[in-house]
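> predicted model follows, preceded by the sequence.
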Amino acid sequence: MSGALAADDRGGIVVDDLAYEALVGATRNFLDALAVAVPDGPTADRLTADLAGWAGVLGGLAAEERDRLFGRRAGIASYGQAMTPAYRVLERDDAGLRGVARFGRYFHGGKGAAHGGAVPLLFDELFGRVINGEGRPPARTAYLHVDFRAVVRLDRDLGLRVWREREEGRKQYVRGEIRDGDVVCAEAEALFVALRPGQP
Ligand SMILES: CCCCCCCCCCCC(=O)SCCNC(=O)CCNC(=O)[C@H](O)C(C)(C)COP(=O)(O)OP(=O)(O)OC[C@H]1O[C@@H](n2cnc3c(N)ncnc32)[C@H](O)[C@@H]1OP(=O)(O)O
């Protein structure tokens, strides 16, 4: 077993964050390879069977939402999920965060640029992380506005910045930007509304 960044024991299962981070990274590499590959029939059949086998293994390890790891491990890259482009938080406090992101080939839209839906997806993820900080009631996105200023190119380290703008009762406004060097590729603004007790 690899050394753990953090480990805990969940009903006899020892969680190893380093191993899980590597698994999510391997999943991202797989999706990037899938997005550009042209497999012949037998190769596609073999891969389909392998994937079905692993889906069965993982299916036998399913946990309740509160005990899952995917998107729930603050100490590892992208909180341990592969749904959004990969990111890493470099600095974070209650006011916001700075980090880096990389859009892999899985997020290709066309002509070398990232898919237009992947950009808001990343903003929503980052905004949610900032707004749903320690000790705050959970809040959901009410709206998310994105301005696409320049194409987001794939396989490049991009700068991220997210900051809380203002708060009005349950309403919290947040802004962010994605930069490629000095070029602002996308800017976003969102409203999050804190949930009342019992709200889903
Ligand atoms: C969770 C843990 C995650 C923790 C983990 C975090 C990881 C990432 C999370 C990403 C976050 C998401 O994607 S969340 C998933 C995407 N979002 C959703 O599914 C939300 C669906 N919508 C809803 O559930 C609801 O509409 C709410 C909760 C947003 C608001 O409903 P409500 O609670 O009944 O509040 P309501 O009275 O309507 O509105 C309250 C105030 O906000 C204003 N308001 C409401 N919507 C809007 C709007 N679109 N544009 C302008 N203003 C609006 C109202 O005018 C009002 O202002 P005033 O009259 O008071 O001035």
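Okay, I see it. From a predicted model like this one, the values you see are computed outputs, not experimental measurements.

> OK, contacts around residue 102?
Contact analysis of residue 102 by C-beta atoms under 8 Å, 6 or more residues apart in numbering lists 85, 86, 87, 155, 156, 157, 158. The way it works is simple: take the backbone N, C-alpha and C, and place the C-beta from them, glycine included.

> nearest residue to the fifth one in space, please, no chain neighbours.
Take residue 156 and drop its neighbours on the chain: the residue closest to it by C-beta to C-beta, 6 or more residues apart in numbering is residue 180, 6.2 Å away.

> what's the burial count for that neighbour?
16 (other C-beta atoms under 10 Å).

> was I right to think residue 131 contacts residue 139?
Yes: using C-beta atoms under 8 Å, residue 131 is in contact with residue 139, at 5.0 Å.

> neighbour-wise, which of the two wins?
residue 131 (24 against 20).

> for that one, give me its contacts.
139, 164, 172, 174, 192.

> which SSE is the closest residue to the ligand within the chain in?
Per C-beta to the nearest ligand atom, residue 128 is where the chain lies closest to the ligand, at 2.5 Å. Using DSSP states H and E, residue 128 sits within helix 118-131.

> the very next helix or strand once past that helix pairs with which strands?
Downstream of helix 118-131, the next assigned helix or strand under DSSP H and E is strand 139-148. Sheet pairing of strand 139-148 (DSSP bridges) gives strand 183-194 (antiparallel).

> which ones are touching the residue positioned nearest the centre of the chain?
In the chain, the C-alpha closest to the average C-alpha coordinate belongs to residue 84, at a distance of 3.9 Å (C-alpha atoms, centre = their mean). Residue 84 sits next to 78, 118, 121, 122, 125 when contact means C-beta under 8 Å, 6+ apart.

> and the last one, what's its pLDDT?
So the one you mean is residue 125. pLDDT recorded at residue 125 is 98.
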